[in-house]
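Novice: model this:
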Amino acid sequence: MQESFTSALAVWPVRGIPQNPGAWIMTTAHRKLIDGLRKERTRRDKQDSLKHETETVTVPVEPEFDVSTLEISDDRLRLIFTCCHPAINTEAQVALTLHALGGLSTTEIAKAFLLSEATLAQRLVRTKRKIQEARIPYEVPSPDRLPERLAAVQAVVYLIFNEGYTATSGTELVRANLCSEAIRLGRVLGELLPQEAENLGLLALMLLQDSRREARVRGGELVTLEDQDRSLWDRRAISEGVMLVEKALRMGPAGPYQLQAAIAA
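Specialist: So this is what the prediction gives:
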């Protein structure tokens, strides 16, 4: 809570006091708590293995990729793969996962799917009922079953980014925290399945779009591409995005994320 108040002192004088200050404080505190717990868990999980690797370091040999050895180390990505069960249609998988794990409201998800809020709410209820009646387990899939859930997971990550890139609700036109989380998940996904060109394309697309974040808003209004101050663009993100999309297109075949990233580049 103290950190949340500190953030308010820094943000509110610039962006104005939100419509619901109490909710803003609580939401920010909740996010900081989750971030702190995630970092501590990662430190705890990795400390022993890193110590062992340091003591037994050898010259690495590039291994052949073996999907059977995959392990999802990131908690949120693990849960996203868990929710994207192939017994549920892809749109329902994505909507349910965005609602349960992406931090998006029913209204935000409905706008992403170009549906009315009532229609989406009914679909979420039907999906939850199907999960209960069919006794679909909430469990992490075995490594060889990850690819069949990949398209839905990619869609979840990209829609989280889109809600951050152009917010459909709230007082902020751009929600940087959602963009950053989506990019982080995209990096983890690329590390998990590096042979999937679309993972690289997705990460490249998000980096290239997010590179213009600081130039997209001026005086509380969105600034179109041709009017943006290009000196504010993040050149490092652009360079990485271009490198990734070139690598992805060489791997082929070209998918929609790669093509969008190429256009953005």
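
Novice: For L203, grab the count of nearby residues.
Specialist: By other CB atoms under 10 Å, the residues close to L203 number 26. Just so you know, the C-beta spots here come from the backbone N, C-alpha and C atoms, and that holds for glycine as well.

Novice: Any regions of the stretch 101-250 of the chain where pLDDT drops low?
Specialist: 101-103, 137-140, 168-171 (pLDDT under 70).

Novice: which residue ranges form the helices in it?
Specialist: If you assign secondary structure with DSSP state H, counting those that start in this stretch, the helices in the stretch 101-250 of the chain sit at 106-112, 117-133, 150-165, 176-192, 197-210, 235-251.

Novice: Out of these, which one sits most buried?
Specialist: The densest packing among those, expressed as mean neighbour count by mean count of other CB atoms under 10 Å, is seen in helix 197-210 with a mean of 26.

Novice: That one relative to helix 235-251, how many degrees between them?
Specialist: Between the direction of helix 197-210 and that of helix 235-251, the angle (axes from the mean of the first three to the mean of the last three CA atoms, to 10 degrees) works out to 150 degrees.

Novice: Tabulate the CA atom coordinates of stretch 3-19 in CSV.
Specialist: Output of stretch 3-19 as CSV, limited to C-alpha atoms (Å, rounded to 0.1, in the frame of the first residue of the first chain):
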residue,chain,number,x,y,z
GLU,A,3,4.3,1.7,-2.7
SER,A,4,0.9,2.3,-4.2
PHE,A,5,0.6,5.7,-2.5
THR,A,6,4.1,6.5,-3.7
SER,A,7,3.0,5.7,-7.3
ALA,A,8,0.0,7.9,-6.9
LEU,A,9,2.2,10.8,-5.9
ALA,A,10,4.2,10.3,-9.0
VAL,A,11,1.4,9.6,-11.5
TRP,A,12,-1.6,11.7,-10.4
PRO,A,13,0.0,15.1,-10.8
VAL,A,14,0.8,14.2,-14.4
ARG,A,15,-2.3,12.3,-15.5
GLY,A,16,-4.8,13.7,-13.1
ILE,A,17,-6.7,12.0,-10.2
PRO,A,18,-8.7,9.0,-11.4
GLN,A,19,-12.4,8.8,-11.1
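
Novice: Sounds good, over and out.
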